[in-house]
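> Take this sequence and fold it.
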Amino acid sequence: MARNLKNMMLCGFGLVCFLMIVDRAYARDFTVGGATGWTVPSGAQVYSQWAEQSRFQIGDSLLFVYQSNQDSVLQVTRDAYDSCNTDSPTAKFADGKTSVTLNHSGPYYFISGNKDNCKKNEKLVVIVMADRSGNKNTTSSPPSPAPAPSGESSPSPPVSGTFEMTPAPTPTTSQETPNNAASSSSSFVAALLGAALASTLFLH
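The predicted structure is shown next:
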């Protein structure tokens, strides 16, 4: 009886590890601003256009790369985003290479910890879509357009019913970095082997 219980526990552990690896294989990492990183942009719509090039889902991560002695990242409310209020952020990061996991759907607002930089449009809002584990046959509603930085009017929505993204005049590479395929495949195989081993123990 004790041996059977041990085998069942091993089998359950292997299954949990397998499911965690499979779920992580679908998550993606996005380097904010592409090769330019997190800095004062060259135009008012640079970060808005960068965000519009990708669809963000729960479990994805944003990577902010910047010089820690000159800049920082604040996660803030919508009001603080609009006014560049750096006084009471919901989260503050200043390590120079900040990874933020998008763990719920809806909008996320980020601004530079340097208020002058924020006023120069170093600010970002991303809209995270609903949980990917939902009904995949249901057509997802397009995310609301990101609020335009101060002094800029929001772009007009597309005429057709299909969600379209207008490419930037000077497109910036989103540097979307899906988890390395080879690494994911290796982890996937390892998980399968672990599950197979646990099953073998269970059968014995």
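> So what are the sheet partners of the strand or helix carrying Leu63 and their directions?
Here Leu63 sits within strand 61-65, counting by DSSP states H and E. According to DSSP bridges, strand 61-65 forms sheet pairs with strand 28-31 (parallel), strand 97-101 (antiparallel).
> Tell me which of those is the most buried.
For these, the largest average neighbour count (mean count of other C-beta atoms under 10 Å) is found in strand 28-31, namely a mean of 19. All C-beta spots, glycine's among them, are computed from the backbone N, C-alpha and C.
> and the helix or strand just after it, average pLDDT?
Going down the chain from strand 28-31, the next helix or strand is helix 46-52, by DSSP H and E. On average, the pLDDT along helix 46-52 is 95.
> What of stretch 104-120?
97.
> Repeat that for stretch 80-90.
Computed over stretch 80-90, the average pLDDT equals 97.
> Pull out the buried positions in it.
80-82, 84-86, 89 (16 or more other C-beta atoms under 10 Å).
> go on, stretch 56-67?
By 16+ other C-beta under 10 Å, the buried positions in stretch 56-67 come out as 56-66.
> Provide the contact partners of it at residue level.
23-24, 26-33, 37-39, 72-73, 93, 96-105, 108, 110, 126-132, 177 (C-beta atoms under 8 Å, 6 or more residues apart in numbering).
> Any idea which of the strands paired with strand 61-65 gets closest to Ala44?
Proximity to Ala44, assessed across the strands paired with strand 61-65 by C-beta to C-beta, is greatest for strand 28-31 (20.7 Å).
> Just the C-alphas of that closest one, formatted as PDB.
Extracted in PDB, the C-alpha atoms of strand 28-31 (Å, rounded to 0.1, in the frame of the first residue of the first chain):
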ATOM      1  CA  ARG A  28       6.500  35.100 -24.600                       C
ATOM      2  CA  ASP A  29       9.000  37.800 -23.600                       C
ATOM      3  CA  PHE A  30       8.800  41.200 -25.200                       C
ATOM      4  CA  THR A  31      11.700  43.700 -25.000                       C
END
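> ok, the spatially closest residue to Gln70 that is not a sequence neighbour - contacts?
Nearest residue to Gln70, sequence neighbours excluded (C-beta to C-beta, 6 or more residues apart in numbering): Asn114, at 7.7 Å. The neighbours of Asn114, taking C-beta under 8 Å, 6+ apart as the test, are 70-72, 86, 122.
> any idea where the strands of the chain begin and end?
28-31, 61-65, 73-76, 91-93, 97-101, 106-112, 123-128, 176-178 (DSSP state E).
> Could you dump those into CSV and include distance to Ala44?
Shown next, in CSV, are these (distance: least, C-beta to C-beta, whole Å):
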stretch, distance to Ala44
strand 28-31, 21
strand 61-65, 19
strand 73-76, 19
strand 91-93, 24
strand 97-101, 23
strand 106-112, 14
strand 123-128, 10
strand 176-178, 23
